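> What follows is a predicted protein model with its sequence.
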Amino acid sequence: MEYLLQVKIGALIGLLLLTLLFGFIPARVKWFRDTNGTEIHRTVLSLISCFAGGVFLAACLLDIIPDYLSDISAELEARKVEISFPVPEFIMAAGFFTVLILERIVLNCREMRGSQEERAPLIPNTNRNGHSHGTGPDLESSGHHVHVDFQAHSPFRSFMLFLSLSLHSVFEGLAIGLQNTNSKVLEICIAILVHKSIIVFSLSVKLVQSAVRPLWVATYIGVFAMMSPIGIGIGISVTEAHLAAGALIQAILEGLAAGTFIYITFLEILPHELNSPGKQLLKVLFILLGFSVMASLTFLG
């Protein structure tokens, strides 16, 4: 076995183990699953969730979208496709509307069965005092100053978040598998290890807060951990097979995943955090902190 292949397999195993480690911290530690703790406990959980929101915002704007636009532009240019219609943006819009339509279908089916589980508005109406009029439990009315509606995170939206991040992880793995130098493999692998550790921790926090069953949380984290290794394996296979349309198919899937991620970030994660009353400036600070951490990692390469 040549040394380059050994390096890629080592990167595959390292990504798998580290992702599992960071993913199972929120899933297995009871502190993250407790929604009936003290006011300080709920505040800290809310701030961690805001930090995760900032991480996802940075991943969306600084990582997923730029990577996709670069890849699709390179493919269109290589194939000498010249068209005034904004094809890259249209593909992202297709991903956005796919999630929107699927979610509306799911909600409509639930309403037809008379279920109230998913009928709370995405952005709850609030009065001047900042109290929510949604259907979720209002902790302020029971003497608390922090309102964290843990049911506002839809399990369906959490699944779509998991799906979009999983697709992106496959593409990150592809970036490793397609490299042809040892130094480049190690460089990209280290960057993805740091990036993915923060992402999987944030994803696990969101899954736990969505009241997803522990078995399903473990399944999600396990599957997510395997996505980058699968991408590495596909990349190794592609370098051997020399598929002509492989890069174009990858770019289109990246665009659909980017549109999905835009929907989840701006219509689910951030609205939920910013429309829960209490500690507003502190929440914005932690969103900015999460964004800054990911921006710094991107700047450092």
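Alright, I've got the coordinates. Nothing here was measured: the structure is a model prediction, and the numbers come from that model. Numbering: from 1, shown residues only.
> what's the helix or strand for the residue nearest to Gly290 when sequence neighbours are not counted?
Computed as Cβ to Cβ, 6 or more residues apart in numbering, the closest residue to Gly290 that is not its neighbour in sequence is Gly54, at 2.5 Å. Heads up, the C-betas are built off the backbone N, CA and C, glycines and all. Taking DSSP states H and E as the definition, Gly54 sits inside helix 39-58.
> Show me what that helix packs onto, helices and strands only.
helix 182-209, helix 270-274, helix 280-300 (3 or more Cβ pairs under 8 Å, 6 or more residues apart in numbering; DSSP states H and E).
> Give me the buried positions along that helix.
Neighbour-count burial for helix 39-58 flags 42-43, 45-58 (criterion: 16 or more other Cβ atoms under 10 Å).
> now for the residues you listed, which pair is the farthest apart?
Within those, two members stand farthest from each other by Cβ to Cβ: Arg42 and Ala58, at 25.0 Å.
> could the helices and strands packed on helix 39-58 go into TSV alongside mean neighbour count, distance to Leu253 and mean pLDDT?
Supplementary listing: the helices and strands packed on helix 39-58 in TSV, determined by neighbours: other Cβ atoms under 10 Å; distance: least, Cβ to Cβ, whole Å; pLDDT from 0 to 100:
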stretch	mean neighbour count	distance to Leu253	mean pLDDT
helix 182-209	20	18	75
helix 270-274	19	25	78
helix 280-300	16	22	89
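> now these as a markdown table including distance to Phe171?
A markdown table is the format used below for those (distance: least, Cβ to Cβ, whole Å):
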| stretch | distance to Phe171 |
| --- | --- |
| helix 182-209 | 10 |
| helix 270-274 | 24 |
| helix 280-300 | 16 |
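> To Leu215, which of these lies closest?
Where the helices and strands packed on helix 39-58 are weighed against each other on Cβ to Cβ, the nearest is helix 182-209, at 11.6 Å.
> For the very next helix or strand once past the closest one, buried residues please.
Per DSSP H and E, the first helix or strand lying C-terminal to helix 182-209 is helix 214-241. Neighbour-count burial for helix 214-241, with 16+ other Cβ under 10 Å as criterion, is recorded at 217-218, 220-221, 224-236, 238.
> which residues are in contact with the helix or strand just after helix 214-241?
Next helix or strand after helix 214-241 toward the C-terminus (DSSP H and E): helix 246-264. By Cβ atoms under 8 Å, 6 or more residues apart in numbering, the residues outside helix 246-264 that reach it are 56, 59-60, 64-65, 67-68, 71-72, 74-75, 79, 88, 91-100, 157, 160-161, 163-165, 167-168, 171, 174, 238.
> Quick one: buried ones out of these?
The neighbour-count criterion (16+ other Cβ under 10 Å) marks 56, 59-60, 64-65, 67-68, 71-72, 75, 88, 91-92, 95-96, 99, 157, 160-161, 163-165, 167-168, 171, 174, 238 among these as buried.
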